[in-house]
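K.L.:
make a model of this:
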Amino acid sequence: MVHRAASFDSSVQWNLSPPRVRYDDAVLRVADVAPRDLDAIAALADGCGARRTTARRLRARLDQLPRLHRRAWLARVLDDIAAGTCSVLEHGYLTLVERPHGLPRAERQVGASSADGRPMLRDVVYRGARSRWVQIIELDGRLGHDGPTDRDRDLERDLDAALDREHTVRIGYGQVFDRGCSTAAKVARLLQLRGWEGHADPCPRCA
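P.N.:
The predicted structure is shown next:
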């Protein structure tokens, strides 16, 4: 297919054979023409997850491409990815569950160690004042949670958290994209049981 590009010269790596579009530009253009928002988020999150670029690099390049159709929306998604939402599911949890319902702002991609010393990351971590309580939310998307080995690893992570007196719950696609409002109410109640003194706010989608 033939495409017109105003920034063609700066988008191409001429030193390669054959010449090709720069990785950051390709990711942004795929996200820009994606048929669904979820597909666009996946393109950006996967691009960063492949370790070939970062959300901040994509954000800087986005500022140099004024003709993208959904540029402002892509900028907001990249800001969220830079803050730690590394998948479609994690971004959905932030934008459909946590943020619109006034839940406390969580820490994301928090470094931890397993019982045998292996490094790992916690998806979402809520902490009480002076860390008197900790609630972990693990977001189980399809990637990395399918096979028995992956499932065993996840269960081991939960057991390690319990040893540290940290509570873990696992949330999937249905709870975020189909039942985000009820999930927010349940997470709020869970945090209240841990010691949070706030409450969930209704969003425009709440029944």
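
K.L.:
how close does Cys48 sit to Asp24?
P.N.:
Per Cβ to Cβ, to the nearest Å, Cys48 is found 10 Å from Asp24. C-beta here means a position set from N, CA and C on the backbone, and glycine is covered the same way.

K.L.:
between the two, what contacts are shared?
P.N.:
Common neighbours of Cys48 and Asp24, counting by Cβ atoms under 8 Å, 6 or more residues apart in numbering, are Leu58.

K.L.:
next SSE downstream of the lowest-mean-pLDDT helix or strand in the chain?
P.N.:
Lowest on mean pLDDT, DSSP states H and E among the helices and strands of the chain sits helix 148-163, with a mean of 70. The element immediately downstream of helix 148-163 (helix or strand, assigned by DSSP states H and E) is strand 167-171.

K.L.:
tell me the first helix or strand C-terminal of that following strand.
P.N.:
Following strand 167-171 toward the C-terminus (DSSP H and E): helix 173.

K.L.:
confirm Met120 sits in a helix?
P.N.:
No - under DSSP: H, G, I helix; E, B strand; the rest coil, Met120 sits outside any helix and is assigned strand.

K.L.:
how close does Ala40 sit to Arg76?
P.N.:
From Ala40 to Arg76 the distance is 11 Å (Cβ to Cβ).

K.L.:
which of the two has more neighbours?
P.N.:
Counted by other Cβ atoms under 10 Å, Ala40 and Arg76 do not tie: Ala40 has more neighbours, with 21 against 11.

K.L.:
check contacts around the more buried one.
P.N.:
Ala40 neighbours (Cβ under 8 Å, 6+ apart): Ala31, Asp32, Ala34, Arg70, Leu74, Val77.

K.L.:
and the next helix or strand past the one helix or strand the last one maps to?
P.N.:
So that's Val77. Assigned by DSSP H and E, Val77 belongs to helix 71-82. Toward the C-terminal end, the helix or strand that comes next after helix 71-82 (DSSP H and E) is helix 88-92.
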